[in-house]
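K.L.:
Using only what follows, build the 3D model:
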Amino acid sequence: MKRVYLDNAATTPLDPAVVAEMTNVMTNYFGNPSAIHALGREVRTLVEKARKTVATLLNAAPSEIFFTSGGTEADNTAIRCGIAAYGIKHAITSKIEHHAVEHTLNMLLKDGVIDKLSFVNIDEKGNVDYAHLEELLQNNERSFVSLMHANNELGTLTDMEKVGDLCEKYDAIYHADTVQTMGHYTHDVRLLKAHFIVCAAHKLHGPKGVGFLYVNNSIKIPPMIYGGAQERNMRGGTENVYGIVGLAKALEIAYTEMEAHQKHVQELKDYMKAQLIAEVPGIAFNGETDADKSLYTVLNVSFPEMDMADMLLFNLDINGICASGGSACSSGSNIGSHVLNGIKADPNRPAVRFSFSKYTTKEEIDYTLEKVKMVVKQSALA
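P.N.:
Numbering: from 1, shown residues only. The predicted structure follows:
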C-alpha cells in the first residue's frame, strides 16, 4: 500500500546529510564537552561551532543562543524565566497558542506568579487584532507578550515586526514562538525586536529532542534547569552533542535551500487547495491560506458535515495517508482542538491539517486527493 506522509508540522523526516553529520559525531566523538582534556575540548569545539552556525544564520551573537531539549523547553524557559527576571505581573497571549505557551502562562497565573493574563482578540482566521494588542499594552503595567509567528494548526502568520514595534513602544518583553517557521523563513533578530525566539530541530528535518532559545543580549534571565554550568550557566545537564550538531546542519541546509523549498511547497499547497475546491463540494479552509498570510507548509481543511466524522482521519490512515486532526500534540484527545474552538470553527465540520515538506511530491498530492474524494463520498450525509 502506498504511504503518503502529510504531517510535517508534527515532525519531519531527517535529511540524509543531517544523519551523516550526526553519525560522524556519534561514531568518532564521545568526550564530555565540559571536560578539560583533549577529547572533551574537541567535542566542545563541535558544540561551539554549531552555536556559531545558528547565530550567523539568525544575525545573532553566539552568546545569545542556548541549546535546549526542544521547542517546549525553550518556550517554558523564555516565559518562566523572562517573567521572573523582571517581576512582570501581566502577560498577554492568544487563545490559539501552542500548549507549551498557554498551559505555562495559565499555571503562572494559578500559582500567583502573575496577577493577570490577557488574551488578545483574534478573528475567525486566527489573525491578531493589533489595535487590541496595543490597547492591552497601553492599559496595563509592563507586560510579557507571547504570540506565535505561525499557528501550528492553521498556518496563519502573525506580523512579528509589528508586534515587536508595539512591545518596544510600551517597554514589553516579547517572546515569539517560532517553532513552525524556523528554517522556513529567514529570521534576522536585529530587525525583529523580539527578546526570545525558539526552535525545535525536528520541524526542519533535524533530530528530535533538541532545539534552541535565542535570548536578546539586552536582557538577562536566570536558568530554568539547575545542576551544572553548561550553556554558560544557563542550562544544567550534559549537552546533546550529536543533536546540537544535527540541528545546526539542518538549519544550515534549510537556509541554503529556502527559496527552492518555499516555491516547491507553495505550489503543492496551492494545487491541493484548488483541486479540493474544484472536486469536493462544500469544502472550506480554517485559517488564512493566501501565500502572504499563511505558512506555506500547512493547509487546514474544513470538510463538509458527514456521517462518522470522527472516523475521517482513521479512514485516511487506512488508505495510507498520514495527516493530523488539528495539532498532533492533541492527538487522542476527545476535547477537540483548542485552536479551532478559539476561532469558533464549526464543530460539525471535521478538520484535517495537511502539512508538507521538501520531500512531498505532486504524485503524493494526487493520490491523497483521490482518496479524500473517495472517503468523503462514502461518508457524506444522505
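K.L.:
Any buried residues in stretch 211-222, and which?
P.N.:
211, 212, 213, 214, 215, 216, 221 (16 or more other Cβ atoms under 10 Å). The way it works is simple: take the backbone N, C-alpha and C, and place the C-beta from them, glycine included.
K.L.:
could I get those residues as JSON lines with pLDDT and secondary structure?
P.N.:
Listed next are those as JSON lines, based on pLDDT from 0 to 100; DSSP: H, G, I helix; E, B strand; the rest coil:
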{"residue": "211", "pLDDT": "98", "secondary structure": "strand"}
{"residue": "212", "pLDDT": "98", "secondary structure": "strand"}
{"residue": "213", "pLDDT": "98", "secondary structure": "strand"}
{"residue": "214", "pLDDT": "98", "secondary structure": "strand"}
{"residue": "215", "pLDDT": "98", "secondary structure": "strand"}
{"residue": "216", "pLDDT": "98", "secondary structure": "coil"}
{"residue": "221", "pLDDT": "97", "secondary structure": "coil"}
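K.L.:
Quickly name whichever of the residues you listed is closest to residue 74.
P.N.:
Residue 74 lies nearest to residue 213 out of the buried residues of stretch 211-222, by Cβ to Cβ, at 4.0 Å.
K.L.:
Distance of that closest one relative to residue 158?
P.N.:
Separation of residue 213 from residue 158 (Cβ to Cβ, to the nearest Å): 19 Å.
K.L.:
swap in residue 294?
P.N.:
Distance from residue 294 to residue 158, by Cβ to Cβ: 11 Å.
K.L.:
shared neighbours of those two, anything?
P.N.:
Common contact partners of residue 294 and residue 158 (Cβ atoms under 8 Å, 6 or more residues apart in numbering): residue 150.
K.L.:
Which residue ranges of the stretch 201-350 of the chain form helices?
P.N.:
Taking DSSP state H, counting those that start in this stretch as the test, the helices found in the stretch 201-350 of the chain are 230-233, 241-279, 312-318, 338-342.
K.L.:
how about the ones you listed, which one is nearest residue 287?
P.N.:
helix 338-342 (8.6 Å).
K.L.:
Past the closest one, which element shows up next along the chain?
P.N.:
strand 351-355 (DSSP states H and E).
K.L.:
Tell me which residues are up against that following strand.
P.N.:
With Cβ under 8 Å, 6+ apart, strand 351-355 has contacts from 6-10, 153, 272, 286, 297-303, 312-313, 316, 323-327, 337, 340, 345, 368.
K.L.:
Stretch 41-50 too?
P.N.:
So stretch 41-50 is in contact with 25, 29-35, 62, 67, 239, 241, 244-245, 247-248, going by Cβ under 8 Å, 6+ apart.
K.L.:
for stretch 132-140, same thing?
P.N.:
Contacts of stretch 132-140 (Cβ under 8 Å, 6+ apart): 90, 92, 116, 118, 120-121, 143, 145, 163, 166-167, 169-170, 172.
K.L.:
Return the alpha-carbon coordinates of that stretch using PDB.
P.N.:
Only the C-alpha atoms of stretch 132-140 are listed here, as PDB (Å, rounded to 0.1, in the frame of the first residue of the first chain):
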ATOM      1  CA  HIS A 132      -6.500  45.400  20.700                       C
ATOM      2  CA  LEU A 133      -2.900  44.300  21.500                       C
ATOM      3  CA  GLU A 134      -1.900  48.000  21.700                       C
ATOM      4  CA  GLU A 135      -4.800  48.700  24.000                       C
ATOM      5  CA  LEU A 136      -3.800  45.900  26.300                       C
ATOM      6  CA  LEU A 137      -0.200  47.100  26.400                       C
ATOM      7  CA  GLN A 138      -1.300  50.700  27.000                       C
ATOM      8  CA  ASN A 139      -3.800  50.000  29.700                       C
ATOM      9  CA  ASN A 140      -1.700  47.600  31.800                       C
END
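K.L.:
mind listing what's buried in it?
P.N.:
Residues 133, 134, 136, 137, 140 are the ones in stretch 132-140 that count as buried (16+ other Cβ under 10 Å).
K.L.:
shaky segments in the protein?
P.N.:
Low-confidence segments of the chain, defined by pLDDT under 70: 308-309, 326-335, 380-382.
K.L.:
if we go to 90?
P.N.:
By pLDDT under 90, the weakly predicted segments of the chain are 1-2, 305-314, 325-336, 347-348, 375-382.
K.L.:
mind listing the strands for it?
P.N.:
4-5, 65-68, 90-93, 116-119, 143-148, 173-177, 196-200, 211-215, 284-286, 298-302, 321-322, 351-355 (DSSP state E).
K.L.:
List the strands paired with the fourth one, with their directions.
P.N.:
In other words, strand 116-119. Using DSSP bridges, the strands paired with strand 116-119 in its sheet are strand 90-93 (parallel).
K.L.:
How about residues contacting the strand it pairs with?
P.N.:
Against strand 90-93 from outside (Cβ under 8 Å, 6+ apart): 79, 83, 101-102, 105, 108-109, 114-120, 133, 136-137, 140-147, 172.
K.L.:
Give me the buried entries from those residues.
P.N.:
79, 83, 101-102, 105, 108, 114, 117-120, 133, 136-137, 140, 143-147, 172.
K.L.:
I'd say residue 315 and residue 379 touch.
P.N.:
Yes - using Cβ atoms under 8 Å, residue 315 and residue 379 qualify as a contacting pair, with a distance of 7.3 Å.
K.L.:
Show me the common contact partners of those two, please.
P.N.:
With Cβ under 8 Å, 6+ apart, residue 315 and residue 379 have no common neighbours.
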